[in-house]
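Novice: Whatever this is, show me its structure:
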Amino acid sequence: MTDIRLALSGLALAFAVQAGGLAQDVTPTRQTAEAWLTAYQAQNFEAMRSLLDQNSVFIDPTSLGRESFGNPINWQGADAILAGVRSWGVTDAQYHFDRTYESPGRVIYDGSIDVTYGAPDNQVSYNFPIITIVTVANGMVVEHRDYTDFEGAQSLGGEPAPLTDNSIINAYMAAYSAADFDAMEPFLAEDVVFSDPTATGLGEAGLLHHGREDIMAALREFDSNNNPIGLNFEWDTVFESNDRYVYMGRVNATYPTQQEGMVFQWSAAQTTVIHLRDGLVVEQYDFADYEGAEQGLVPESAN
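Specialist: Numbering: from 1, shown residues only. Below is the predicted model:
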């Protein structure tokens, strides 16, 4: 198994450089994540197994409830994960990354994946817009999490299906971007969950709140303590699948200062996933690049 991991490490470096997502100083987390995705694309099940254990999880929340697509993608343990991936009948897979970034223990990938199924004389290929988040601990893959735009998939050479436009999520995200927390409240389900596992300084679970009352109390405390002008999101990638709305871009939060004409800006790469059910937000997951954040004074007119 050690030999397999060493070989994978070399493949991962070549793969990452080709994808344009690897910095000069390769962290152990990124090296493991790249090794995993190299094996996953090649459908190298022996190499994949070397990076999994009985607690590893492979999940795509956008697949849940999609009977027309197939069985839900939610597997735990090496045996279940490999059996699930094998069941797709994939003969080739190739990621195309527009952007990657790393937050402690996680590497987040934004792009698309070309997937080919079937025997050589009867193959079909599709391109799926996708965000993949690989969580690593002690050199092993703890979780592979996908958010796949199934509605936006296209047969290679074909036309994409139209994206869903939902006025509820648009209003909610506009309020979130404006830091208008009171305007967000009517959209929250009573049992809503808010999680940001990438938040630093808060322990292994990061930021976690359960229930509308708890979330609103936390947001109002944040508002009272920091007086944000706005979070000012800029989204480069947006898609919906299975009632999950996936946004990837940047947060450019601004705060007042004593210096006339200037504001303090905190800017970082961010991915936000909102799950709607019956017109209400039941889950919100934020993933931000806290360690790569840029901050400082900027002219007020810049925002």
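Novice: top strand in the chain by residue count?
Specialist: strand 262-277 (DSSP state E).
Novice: Low-confidence regions, the protein specifically.
Specialist: Within the chain, the segments meeting pLDDT under 70 span 1-25, 66-71, 118-122, 157-166, 301-303.
Novice: Where do the domain boundaries of it fall?
Specialist: Domain ranges of the chain: 2-155, 167-302, per automatic domain parsing.
Novice: that older thread, now do the buried residues in the longest strand of the chain.
Specialist: 262-276 (16 or more other Cβ atoms under 10 Å). C-beta: built from backbone N, CA, C; applies to glycine.
Novice: Over to stretch 53-64?
Specialist: Buried residues in stretch 53-64 (16+ other Cβ under 10 Å): S56, V57, F58, I59, D60, P61, T62, S63.
Novice: Stretch 224-235 now?
Specialist: Buried residues in stretch 224-235, counted by 16+ other Cβ under 10 Å: P228, I229, G230, L231, N232, F233.
Novice: which residues touch it?
Specialist: Outside stretch 224-235, the residues that touch it by Cβ atoms under 8 Å, 6 or more residues apart in numbering are 173, 176-179, 222, 247-256, 263, 270, 272, 303.
Novice: still on that earlier bit, of all pairs in the buried residues of stretch 224-235, which one spans the longest distance?
Specialist: Pairwise distances across the buried residues of stretch 224-235 (Cβ to Cβ) peak at 13.3 Å, for the pair I229 and F233.
Novice: Helices along the protein, start to end?
Specialist: Assigned by DSSP state H, the chain shows helices spanning 2-19, 28-41, 45-49, 78-86, 167-177, 181-184, 212-226.
Novice: Next, format these as JSON lines and append distance to F194.
Specialist: Listed next are the helices of the chain as JSON lines, based on distance: least, Cβ to Cβ, whole Å:
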{"stretch": "helix 2-19", "distance to F194": "31"}
{"stretch": "helix 28-41", "distance to F194": "25"}
{"stretch": "helix 45-49", "distance to F194": "32"}
{"stretch": "helix 78-86", "distance to F194": "28"}
{"stretch": "helix 167-177", "distance to F194": "11"}
{"stretch": "helix 181-184", "distance to F194": "10"}
{"stretch": "helix 212-226", "distance to F194": "5"}
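Novice: Going along the chain, name the strands of the stretch 51-200 of the chain.
Specialist: All strands of the stretch 51-200 of the chain, identified by DSSP state E, counting those that start in this stretch, fall at 57-59, 74-76, 90-103, 106-117, 124-137, 140-148, 154-155, 188-196.
Novice: Quick check: which helices or strands does the fifth one pack against?
Specialist: It refers to strand 124-137. With contacts taken as 3 or more Cβ pairs under 8 Å, 6 or more residues apart in numbering; DSSP states H and E, strand 124-137 sits against helix 28-41, strand 106-117, strand 140-148, strand 154-155, strand 234-241.
Novice: hmm, try it at 7 Å
Specialist: Other helices and strands packing on strand 124-137, by 3 or more Cβ pairs under 7 Å, 6 or more residues apart in numbering; DSSP states H and E, are helix 28-41, strand 106-117, strand 140-148, strand 154-155.
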